[in-house]
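**Q** give me coordinates for this.
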Amino acid sequence: MAGPERLRIALEAEIGEDELEESFIRASGPGGQNVNKVATAVQLRFDAARSPGLSERVRANVLKLAGQRATKEGVIVIEAARFRTQERNRADARERLVALIARAAEPPPKPRKKTKPSKGAVERRLKEKAGRAGIKRMRGKISPE
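**A** Numbers count the residues shown, from 1 in each chain. Below you'll find the model as predicted:
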């Protein structure tokens, strides 16, 4: 028998089913009598700080990207109450967590290399400026003779 199911998100990030903690809460908003009786909203908790499946770089990025959804202890809390059924809200919360971790796992952008205009380009620009200045100078007032 295999161990708990692991969800591979990227090369440096995978999370186990046992690392996710779900609790069901009552959703706010419309829903009639149903909204007062059934706990359809999902609160998904993922301890990113202690997750063995995340590399240090991904862990730091995911906590930074999570912003206010991350607690001081490094637990990411995602609430999903978009749908009227528990199952769809569970799937929505998991998809949002996976998207967050996938964004954190993206490689950093390559640093920009500074470029310098060629000597010829600088000369052409200055020559063009001088020509334009000459044309404008010719538009000046005609002095009385």
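**Q** the residue positioned nearest the centre of the chain: which element?
**A** Centroid-nearest residue in the chain: residue 103, 5.3 Å away (criterion: CA atoms, centre = their mean). Following DSSP states H and E, one finds residue 103 within helix 86-105.
**Q** quick one: residue 69 from residue 20, how far?
**A** 14 Å (CB to CB, to the nearest Å). Just so you know, the C-beta spots here come from the backbone N, C-alpha and C atoms, and that holds for glycine as well.
**Q** got it, and residue 78?
**A** Counting by CB to CB, the gap from residue 78 to residue 20 is 10 Å.
**Q** so between these two, which is more surrounded?
**A** residue 78 (20 against 17; other CB atoms under 10 Å).
**Q** just confirm that one contacts residue 68, I think it does.
**A** No: the pair residue 78 / residue 68 is not scored as a contact, 11.4 Å apart, by CB atoms under 8 Å.
**Q** residues touching the helix or strand where residue 123 lies, excluding its own?
**A** Secondary-structure element containing residue 123, defined by DSSP H and E: helix 119-138. Helix 119-138 is contacted from outside by residue 117, using CB atoms under 8 Å, 6 or more residues apart in numbering.
**Q** distance from that helix to the middle of the chain?
**A** 46 Å (CA atoms, centre = their mean, to the nearest Å).
**Q** please save the CA atoms from it in CSV.
**A** Output in CSV follows, covering the C-alpha atoms of helix 119-138 (Å, rounded to 0.1, in the frame of the first residue of the first chain):
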residue,chain,number,x,y,z
LYS,A,119,29.3,55.5,-31.4
GLY,A,120,27.7,55.8,-34.9
ALA,A,121,24.2,56.1,-33.4
VAL,A,122,25.3,58.9,-31.0
GLU,A,123,27.0,60.8,-33.9
ARG,A,124,23.9,60.5,-36.1
ARG,A,125,21.7,61.7,-33.3
LEU,A,126,23.9,64.7,-32.6
LYS,A,127,24.2,65.5,-36.4
GLU,A,128,20.4,65.4,-36.7
LYS,A,129,20.0,67.6,-33.6
ALA,A,130,22.4,70.2,-35.1
GLY,A,131,20.5,70.1,-38.4
ARG,A,132,17.2,70.6,-36.7
ALA,A,133,18.7,73.5,-34.6
GLY,A,134,19.9,75.2,-37.8
ILE,A,135,16.4,74.9,-39.4
LYS,A,136,14.9,76.5,-36.3
ARG,A,137,17.5,79.3,-36.3
MET,A,138,16.6,80.2,-39.8
